[in-house]
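Asker: Let me see the structure of the following:
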Amino acid sequence: MTLAGFVGGLFLLLALYCGIDPFKHSAISEFPDFEAYYVDMPPWSTVPKEKDTQNLLQKSEIKFLNQVQGPESIAFDPLGRGPYTGVADGRIVFWDGQKWKDFAYTSNNRSELCDTKPSPSSYLSNEHICGRPLGLRFDKKTGDLYIADAYFGLLKVGPDGGLATPLATEAGVPLRFANDLDIDDQGNVYFTDSSSKYQRRNFLQVVFSAEDSGRVLKYDPRTKETTVLVRNLQFPNGVSLSKDGSFFVFCEACTGRLRKYWLKGEKAGSSEELAILPGFPDNVRTNKDGDFWVALHCRLSMYTYINSLYPKFKTFILKLPIPINVQYLLLIRGRHHAVVVKYSQEGKLLQTLEDSQGKVVKTISEVQEIDGKLWMGSVLMPFIAVYNLA
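Answerer: Model (predicted):
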């Protein structure tokens, strides 16, 4: 047999193996209806290449190590107290200046299943029971805390905390992955539902498939109605209103874009691209100057870029007998790292901060600027990081 014949036969056997996955060792073996979608990626030449060569985020202070598991979002109440954060066991906790206190929860069915575990990922199998609060925002007028819970939708709890009240659990179809939110001066809540197909405990399938059932929605507290503003999105995530309230921005993770949705003016009701990001975004927050801080889950690699453009190739790779955690490492360039970027209201990249080796800060989910400091949460890490901008 010639070398070419041997290689051809080996490739044929590999293709046959991937086609039937006989031993169910692939990353998508538990999802027989898995389908990879094409992603309309921006031209590679337009993806920002600016880097923080000093790795300034390595100067961050790690706070509350192993006291908070997976603090995705961080909020301070109208009196400046906090932080408040949602953690992996389904609670929302509050730092009173000396210790963490339970403040609120989203599930009325909590049990020993929700007890403390060693890492944020340890809670995945029970999140649908215990709840998983993600985005948090305070209404500055009322002091109410609004919560996007991945399983229980949009909720609200009063200034005294306790069991949160559901506000929206469906909009045509059930909310399956409520993720982040913001509130305007009239009390309208803008929030994302990252997928109508997969729940958060299967978030890697949302990432790998890049399926397009994600939505941006609006909840009107006066009519108690929830309407869909934008459909067919590929993992919509963070949401933040502009300083003047004329628009809000939202992140579309799989496409690596920051998008703008107009609320006022001639373009009201329409959306457009604001910026192409250097990686896959999570939450976005507006600072006092009106600029937007975006947390990136990871930088975009050429490997992931090609996978996004060629879904059949991606499916072939995912059907190889490679564990899902290894496939995830390939997605994030081989290691957990940290990147945050700041953009102007016009979409200009103003600043990049990172820890490219993940030596101090890793996998940032949200970055919020308060009094000259960046407060950074992570859905996968057991701490909050604080970086001094001065």
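Asker: What segments of the stretch 201-350 of the chain are strands?
Answerer: Along the stretch 201-350 of the chain, counting by DSSP state E, counting those that start in this stretch, strands occupy 214-220, 225-233, 236-241, 247-252, 257-262, 271-276, 279-286, 292-299, 338-343, 349-355.
Asker: Can you check which of the ones you listed gets nearest to residue 79?
Answerer: Residue 79 lies closest to strand 279-286 among the strands of the stretch 201-350 of the chain, at 19.3 Å (Cβ to Cβ). For the C-beta atoms, the positions are set from N, CA and C on the backbone; glycine is no exception.
Asker: List of residues touching that closest one?
Answerer: The contact list for strand 279-286 (Cβ atoms under 8 Å, 6 or more residues apart in numbering) reads 72-73, 135, 180, 207, 237-243, 249-254, 256-258, 292-300, 339, 364-369, 379.
Asker: Pull out the buried members of those residues.
Answerer: Burial by neighbour count, 16 or more other Cβ atoms under 10 Å: within those this picks out 72-73, 135, 180, 207, 237-242, 249-254, 256-258, 292-300, 339, 364-369, 379.
Asker: can you pull the contacts of residue 277?
Answerer: Residue 277 is in contact with 47-48, 251, 256-258, 294, 296, 300, 341, counting by Cβ under 8 Å, 6+ apart.
Asker: got CSV for the strands of the stretch 201-350 of the chain, with distance to residue 35 too?
Answerer: Formatted as CSV, the strands of the stretch 201-350 of the chain follow (distance: least, Cβ to Cβ, whole Å):
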stretch, distance to residue 35
strand 214-220, 15
strand 225-233, 15
strand 236-241, 19
strand 247-252, 19
strand 257-262, 22
strand 271-276, 25
strand 279-286, 20
strand 292-299, 22
strand 338-343, 29
strand 349-355, 33
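Asker: can you redo these as a markdown table with mean pLDDT?
Answerer: Formatted as a markdown table, the entries for those read as follows, by pLDDT from 0 to 100:
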| stretch | mean pLDDT |
| --- | --- |
| strand 214-220 | 98 |
| strand 225-233 | 98 |
| strand 236-241 | 98 |
| strand 247-252 | 98 |
| strand 257-262 | 98 |
| strand 271-276 | 98 |
| strand 279-286 | 98 |
| strand 292-299 | 98 |
| strand 338-343 | 98 |
| strand 349-355 | 98 |
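Asker: To residue 167, which of these lies closest?
Answerer: Nearest to residue 167 among the strands of the stretch 201-350 of the chain is strand 214-220; the distance by Cβ to Cβ comes to 5.8 Å.
Asker: Give the pairing partners of the closest one; include direction for each.
Answerer: strand 189-193 (antiparallel), strand 225-233 (antiparallel) (DSSP bridges).
Asker: right, so the ones you listed: which one is the most enclosed?
Answerer: Burial among the strands paired with strand 214-220, expressed as mean neighbours by mean count of other Cβ atoms under 10 Å, is greatest for strand 189-193, which shows a mean of 27.
Asker: now what about that one, what contacts it?
Answerer: Where contact means Cβ under 8 Å, 6+ apart, the residues beyond strand 189-193 that reach it are 135, 146, 148, 154, 167-168, 171, 175-184, 214-219, 221, 229, 236-239, 241, 248, 250, 261.
Asker: Would you mind listing which of the residues you listed are buried?
Answerer: Buried among the contacts of strand 189-193 by 16+ other Cβ under 10 Å: 135, 146, 148, 154, 167-168, 171, 175-183, 214-219, 221, 229, 236-239, 241, 248, 250, 261.
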